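In: Just a sequence and a predicted model for now, questions to come.
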Amino acid sequence: MFRIESKIDTKGADFLRNQAAYLELLDKYRETLATVKSGGSPQAVAKHKERGKLLARERIDLLVDRNTPFIELSALAAYGMYDGGFPSAGVVTGIGVIHGKEVMIIANDATVKGGTYVKETIKKHVRAQEIAMENRLPCVYLVDSGGVFLPEQANVFPDKYDFGRFFFNQARLSAKGIPQVAVVMGSCTAGGAYVPAMSDETIIVRNQGTIFIGGPPLVKAATGQEVTAEELGGAEVHTMISGVADHLAENDVHAIQICRNIFESIKRHQYQDLETHPIVEPCYNPEELYGILPIDLKKPVDSKEIIARMVDGSLFHEFKERYAPTITTGFARIMGYPVGIIANNGVLFGETALKGAHFVELCTSRNIPILFLQNVTGFIVGKEYERAGIARDGAKFVHAVANADVPKFTVVFGGSFGAGNYAMAGRAYEPRFLFMYPSSKISVMGGEQAAGVLITVKEEQLKAAGKQLSDEERDKLQETILKKYEVEGSAYFSTAHLWDDGIIDPVDTRKILGLAIAISQNKKYEKTQYGVFRM
């Protein structure tokens, strides 16, 4: 491999200006993240602690091995929704290490509406189980939830990927031999009672954890019987009488220790061998990314400058360097692991798509994971390109990416627009993980392009009716469209709706990707099979 020679002047005015602007974005992100991670209202947090309970993230900190990373996923889920009433969608999910084994952790935050579930909570919980299934990760459920948030029941109960999907996924995980442990640290009500009941082993905290299909109010309404929560489904009942729980804990700390003890007997799956090398830090400081990453998406960015600050030793073996330069392809290592990289350098042309498809074939034939670095405006448009077969060539790239069965990882470092999102392993193409930067944008097209299209359509409609759009009406319409696309195209809107697995600090990308590749080794890579490529 050859070392990438950076052409960036890190003391130049443009670099320093961009760096200052990016650090402002990063400060906003960090402040937002800190606020969200504080959980529910101060009153709810105080009440939770008065009951002798640990907070959701405190429980996780005790559960995972000391001095090991915990990758929290979708921390800003439901951000800006429900009048700010569901920070992190009321559930903390992420990947940590317990006794040296990577584990998916799903922890209810009872300070947020009693740990109840809205649409985004469910989507986040289901996504965590999907990641566990894709990567054969054992699951730990830290249960402290009142079940469905009843005012939103129509959005959370009946559909394919609604509340019932949890238990479907638990059954599928179990059938695949993927261990699951539940720790009941508070309420576990209604359908939620199946979480511990469908786990391999279940721990329940005395005088704190409860498990029941119907709580005391429902029992009274249905049968007239008056019963306390402890009598109905407390720890004594389930560890001595029903057998629904297997271990009795005295408090949160004791429960977590029992859970850690269980993992001593759980074996780590490692099916896919990757040839690893000693870890070498990049030759360039990753913090220089703040001065390089695009804030104004109209300004081009050489993706090799991004790669140089992300890969081991800044070493990169480029593939087809001189052909189709609007995409960069090549091999490198991240935290010692081999990876193929596909990074945007501009719009996708027909030859760009062919180059991308060819490189995907190389990676799948060699069982090498693929990293997609997105900053893409989409595919080229115009008469000459349509006649040259841009749709046919673009389809080859999409075809290759869709069927690539090596792990795919996607990071949006700039814009992600139109069909370029698909070809570059957007969410619909099932990358193992997809992360955004605070500056990232994502939408079907840019705001200015969308405004141009929609205004043209409106003018044609009015023209057919014998009318026309005034300058004032045109300006107002353009302003409205631009504002809508600015809001809905932001990384915060994306992550709130769980279109990604979270916004990350660019400096953390390298270690997050290293752990992601390590996690992917828990499942043997499947042989890739392609269908028909239109030639």
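Out: Here it is on my side, so go on. Numbers count the residues shown, from 1 in each chain.

In: Need the distance between the two termini of stretch 82-102.
Out: 33 Å (C-alpha to C-alpha, to the nearest Å).

In: could you give the mean pLDDT of that stretch?
Out: Stretch 82-102 carries an average pLDDT of 97.

In: Equivalent analysis for stretch 180-192, please.
Out: Averaged over stretch 180-192, pLDDT sits at 92.

In: For the stretch 51-200 of the chain, just list every one of the helices.
Out: 56-63, 119-135, 153-156, 165-175, 194-197 (DSSP state H, counting those that start in this stretch).

In: Kindly reformat these as CSV and extend each row with mean neighbour count.
Out: C-beta: built from backbone N, CA, C; applies to glycine. Output for these, formatted as CSV (neighbours: other C-beta atoms under 10 Å):
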stretch, mean neighbour count
helix 56-63, 20
helix 119-135, 22
helix 153-156, 16
helix 165-175, 17
helix 194-197, 21
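
In: would you list those in JSON lines and tack on distance to Lys47?
Out: Output for the helices of the stretch 51-200 of the chain, formatted as JSON lines (distance: least, C-beta to C-beta, whole Å):
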{"stretch": "helix 56-63", "distance to Lys47": "15"}
{"stretch": "helix 119-135", "distance to Lys47": "20"}
{"stretch": "helix 153-156", "distance to Lys47": "25"}
{"stretch": "helix 165-175", "distance to Lys47": "27"}
{"stretch": "helix 194-197", "distance to Lys47": "23"}
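
In: right, so of those helices, which gets closest to Thr329?
Out: Nearest of these to Thr329, taken as C-beta to C-beta: helix 119-135 at 24.3 Å.

In: Might you calculate how far that closest one sits from the centre of the chain?
Out: A distance of 9 Å separates the centroid of the chain from that of helix 119-135, by C-alpha atoms, centre = their mean, to the nearest Å.

In: ok, now stretch 381-397?
Out: Remark: stretch 381-397 is offset 31 Å from the chain centroid, using C-alpha atoms, centre = their mean.

In: Straight-line length of it, end to end?
Out: Note: stretch 381-397 ends 17 Å apart using C-alpha to C-alpha.

In: List the contacts of it.
Out: Here stretch 381-397 makes contact (C-beta atoms under 8 Å, 6 or more residues apart in numbering) with 348-354, 356-357, 360, 379-380, 419, 423, 533-534.

In: Show me the one in the residues you listed that has more neighbours than the rest.
Out: The member of those that has the most neighbours, counting by other C-beta atoms under 10 Å, is Ala423 with 32 neighbours.

In: Kindly confirm whether my reading is correct that that residue touches Leu348.
Out: Yes - here Ala423 reaches Leu348: they are 6.4 Å apart, a contact under C-beta atoms under 8 Å.

In: Give the intersection of the neighbour lists for these two.
Out: Gly356, Val376, Phe379, Gly394, Phe397.

In: for these, which one is nearest Ile122?
Out: Val376 (30.5 Å).

In: and the closest one, what pLDDT?
Out: 96.

In: so what's the closest residue in space to it that isn't next to it in sequence up against?
Out: With C-beta to C-beta, 6 or more residues apart in numbering as the criterion, Val376 has its nearest non-adjacent residue at 3.4 Å, and that residue is Gly420. Contact partners of Gly420, counting by C-beta under 8 Å, 6+ apart, are Asn344, Val347, Leu348, Gln374, Val376, Thr377, Gly378, Phe379.

In: Can you give me every residue that contacts the most far-flung residue of the chain relative to its centre?
Out: In the chain, the residue that sits farthest from the middle, by C-alpha atoms, centre = their mean, is Gly466; the gap is 49.4 Å. For Gly466, the contact set (C-beta under 8 Å, 6+ apart) is empty.

In: which SS class is it?
Out: coil (DSSP: H, G, I helix; E, B strand; the rest coil).

In: Quick check: phi and psi on it?
Out: Backbone torsions for Gly466, taken as degrees, to the nearest 10, come to phi 80, psi 20.

In: Equivalent analysis for the one 10 residues further on, please.
Out: Backbone torsions for Lys476, taken as degrees, to the nearest 10, come to phi -70, psi -40.

In: how far away is it from Ser520?
Out: 50 Å (C-beta to C-beta, to the nearest Å).

In: more neighbours, those two?
Out: Ser520 (23 against 12).

In: contacting residues around the closest residue to the more buried one other than its chain neighbours?
Out: Spatial nearest neighbour of Ser520, excluding adjacent residues (C-beta to C-beta, 6+ apart): Pro407 at 3.9 Å. Counting by C-beta under 8 Å, 6+ apart, Pro407 makes contact with Pro369, Ile370, Arg432, Ala516, Ile517, Ser520, Tyr525.

In: Show me the strands in the stretch 401-535 of the chain, by range?
Out: Applying DSSP state E, counting those that start in this stretch to the stretch 401-535 of the chain gives strands spanning 408-417, 433-436, 441-443.

In: any chance of these in TSV, plus mean pLDDT, distance to Phe331 and mean neighbour count?
Out: As requested, these are exported to TSV (pLDDT from 0 to 100; distance: least, C-beta to C-beta, whole Å; neighbours: other C-beta atoms under 10 Å):
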stretch	mean pLDDT	distance to Phe331	mean neighbour count
strand 408-417	97	15	26
strand 433-436	98	20	25
strand 441-443	95	27	22
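
In: Export those to a markdown table and append columns for distance to Pro506.
Out: Shown next, in a markdown table, are these (distance: least, C-beta to C-beta, whole Å):
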| stretch | distance to Pro506 |
| --- | --- |
| strand 408-417 | 7 |
| strand 433-436 | 10 |
| strand 441-443 | 15 |
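
In: Which one of the ones you listed lies nearest to Asp252?
Out: strand 433-436 (29.5 Å).

In: So what touches the closest one?
Out: Contacts of strand 433-436 (C-beta under 8 Å, 6+ apart): 131, 409-412, 425-427, 442, 491, 494-495, 499-504, 509, 512, 516.

In: Which members of the residues you listed are positioned in helices?
Out: Ile131, Ala491, Ser494, Thr495, Thr509, Ile512, Ala516 (DSSP state H).

In: Return the closest of those with respect to Val280.
Out: Thr509 (16.2 Å).

In: per-residue pLDDT, the residue nearest to Val376?
Out: 94.

In: swap in Pro431?
Out: Pro431 is given a pLDDT of 98.

In: tally of neighbours for Thr276?
Out: 14.

In: my bad, Gly382
Out: Around Gly382 there are 9 residues (other C-beta under 10 Å).

In: and what of Val376?
Out: Residues lying near Val376 (other C-beta under 10 Å) number 29.

In: Which residues does it form beta bridges with?
Out: The bridge-partner assignment for Val376, based on DSSP bridges, gives Ser416.

In: so what's the residue nearest to Leu348 when sequence neighbours are not counted scoring on pLDDT?
Out: Nearest non-adjacent residue to Leu348, counting by C-beta to C-beta, 6+ apart: Phe379, 4.6 Å away. Per-residue pLDDT puts Phe379 at 93.

In: Where is the longest helix in the chain?
Out: Under DSSP H, the chain gives helix 13-37 as its longest helix.

In: Give me the contact list for that helix.
Out: Under C-beta under 8 Å, 6+ apart, the answer for helix 13-37 is 8-9, 57, 75-76, 79, 87-88, 290-293, 295, 438-439, 492, 503, 505.

In: what do you get for stretch 284-297?
Out: 6, 8, 10, 15-16, 18-19, 21-23, 25-26, 301, 305-306, 308-310, 314, 375, 377, 413-415, 437, 439, 441, 446, 506-507, 509-510.

In: Just the buried ones from the residues you listed, in PyMOL syntax?
Out: This is the PyMOL syntax for the buried subset of the contacts of stretch 284-297, where burial follows 16 or more other C-beta atoms under 10 Å:
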select buried, resi 6+8+15+18+19+21+22+25+26+301+305+306+308+309+310+314+375+377+413+414+415+437+439+441+446+506+507+509+510
